[in-house]
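**Q** I'd like to go over a predicted model; first the sequence, then the structure.
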There are 2 protein chains.
Amino acid sequence: MRHKKFPKIPEATIKRLSIYNRILNELSRDGIEVVSSARLSEISGLNAAQIRKDLTYFGEFGVRGVGYFVTHLRDNIKKILGINRQWNLIIIGAGKLGQAILSYGNLKSQGYNIVAAFDNDPSKIGTKIGAYNTPVYPLTKLKEIVRKNTVKIAILTTPAVAAHEVLTMLEEANVEGVINFAPVKLNPSKNIKISYVDLVTEFDKMVFKISSE
Amino acid sequence: MRHKKFPKIPEATIKRLSIYNRILNELSRDGIEVVSSARLSEISGLNAAQIRKDLTYFGEFGVRGVGYFVTHLRDNIKKILGINRQWNLIIIGAGKLGQAILSYGNLKSQGYNIVAAFDNDPSKIGTKIGAYNTPVYPLTKLKEIVRKNTVKIAILTTPAVAAHEVLTMLEEANVEGVINFAPVKLNPSKNIKISYVDLVTEFDKMVFKISSE
DNA sequence: GTGTGTGAACCCTTTCACAGCC
DNA sequence: GGCTGTGAAAGGGTTCACACAC
């Protein structure tokens, strides 16, 4: 309900806000207090007008003739994205990719807290894995742990064949969003958000770029 | 040089070709010989007209009133993308994420062969890591191994601070493309292709979607 | 009849150019 | 003077609708 007052925000704008947030964090760490859209353009490689337009979808954060105050803008972007607080996540599939994500410090430092991993491999259940010793549970515990930790987002790193079955369980547990690393289109029955991270297509795109010139 | 005869192909079309390839592989495995754009639309969730338009950028692969012959179309897409052969890759950064990619069977099965990993951690150098026992070398060996294996694509999974330094070395070794998992914009000096895989932005986008309704 | 191939229409996003404000 | 905010223009990509081929 919160942002429906902002109509028609391009998907790409959201992605760029996330990038601005990262850059502003770095500028803030370096003690820089004010930044212009021209400077942000240099750092990000994005068009300066685009940066200004992205920001004005959500308000007027800049000062004419001056620029943007770094921490003020950063804090506002965090609020807009909804990342001005911790998010509890779970991960389904404790294979290699799952373990890599569990150990990925950049998520932790951005407020993403993976509270549990799920797998059906009996040799994994009951152990703690990854850099932050995340406990591994069987999928029968899914509903309970989602409720206890108010988990809204699940990361799916199972093999493709298992993905749909897991999706049904996630829907039953009232998870609201799934970040899907399995190379299959998911067909959610409920109003659940799905996003796709597809590594093979990234490699294929790179091969095309290289091969086509 | 090969595809410059095809003018102005949307970036998104290339990504979809990769998806069509995956779906056609599955259809082929299931013994299905002919498929219509309507059926591909059901499977992929993409608009049928879009699918037809994507394909006609590169030729006329279909038969009116019939559809597309699965293996014929699949083989043509592979040729268009340049994935009708093996590609030797290297990975820089033998941390958790690097190891996960090294062990990711979907890349292997699509003809991506990671021949070596590079890291500066002395305790890793000389060992073999991941599901396919990939050898780990110091970065001083980069040029030699790239040349010996005709490597054109590198995967970058170092921490952000190291990324630029590594990029320079990759340029000197005449690598043509970099798939960058480090959360920094790279500024290549030579004509090297860079693509970005940014996990944190994916999570931020999902949080926005969930928070904004 | 059926399903592709495709110009035209539509829609969305980016970029320009400058008015407006510090 | 300098930099933001923003209508207007340009640019790209998607979808429609139907002619055309089997």
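**A** In hand now; what should we look at?

**Q** Hmm, residue A:68 is touching residue A:35, no?
**A** Yes. Between residue A:68 and residue A:35 there is a contact under CB atoms under 8 Å: 5.6 Å. C-beta: built from backbone N, CA, C; applies to glycine.

**Q** Looking at these two, which one has more neighbours?
**A** In terms of neighbours (other CB atoms under 10 Å in any protein chain shown), residue A:68 is the more surrounded of residue A:68 and residue A:35; the figures are 25 against 21.

**Q** okay, now the closest residue in space to the more buried one that isn't next to it in sequence: neighbour count?
**A** Excluding its sequence neighbours, the residue lying closest to residue A:68 (CB to CB, 6 or more residues apart in numbering or on different chains) is residue A:62, at 4.8 Å. For residue A:62, the tally of surrounding residues (other CB under 10 Å) stands at 20.

**Q** quick one: residue A:62 and chain B, what's the gap?
**A** According to CB to the nearest CB, to the nearest Å, residue A:62 stands 21 Å off from chain B.

**Q** how close does that residue sit to residue A:69?
**A** Look at residue A:62 and residue A:69: by CB to CB, to the nearest Å, they are 9 Å apart.

**Q** and if you look at residue A:212?
**A** Applying CB to CB to residue A:212 and residue A:69 gives a distance of 44 Å.

**Q** which ones are touching residue A:89?
**A** Counting by CB atoms under 8 Å, 6 or more residues apart in numbering or on different chains, residue A:89 touches A:112, A:113, A:114, A:115, A:151, A:153, A:154, A:155.

**Q** Which of the residues you listed ranks first by neighbour count?
**A** Neighbour count (other CB under 10 Å) singles out residue A:155 as the most crowded of those, with 27 neighbours.

**Q** Doesn't it lie inside a helix?
**A** No. Counting by DSSP: H, G, I helix; E, B strand; the rest coil, residue A:155 is located in no helix; its state is strand.

**Q** Please name the nearest non-neighbouring residue to it.
**A** residue A:91 (4.3 Å).

**Q** what about that neighbour, which helix or strand?
**A** Assessed by DSSP states H and E, residue A:91 sits inside strand A:87-92.

**Q** Kindly format the C-alpha coordinates of whichever helix or strand comes after that strand as CSV.
**A** Per DSSP H and E, the first helix or strand lying C-terminal to strand A:87-92 is helix A:96-102. C-alpha atoms of helix A:96-102 as CSV (Å, rounded to 0.1, in the frame of the first residue of the first chain):
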residue,chain,number,x,y,z
LYS,A,96,26.7,-25.3,-3.6
LEU,A,97,24.9,-22.2,-4.8
GLY,A,98,22.8,-22.1,-1.6
GLN,A,99,25.9,-22.2,0.5
ALA,A,100,27.6,-19.5,-1.5
ILE,A,101,24.6,-17.2,-1.0
LEU,A,102,24.5,-18.1,2.7
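
**Q** for the next helix or strand after helix A:96-102, what is the average pLDDT?
**A** Counting by DSSP H and E, the next helix or strand C-terminal to helix A:96-102 is helix A:105-109. For helix A:105-109, the mean pLDDT works out to 92.

**Q** how about the residues of chain A near DNA strand C?
**A** Proximity of chain A to DNA strand C is confined to A:8, A:10-13, A:46-47, A:49-50, A:52-53, A:63-66 under the rule CB under 7 Å from any atom of the strand.

**Q** Many thanks, I have nothing further to ask.
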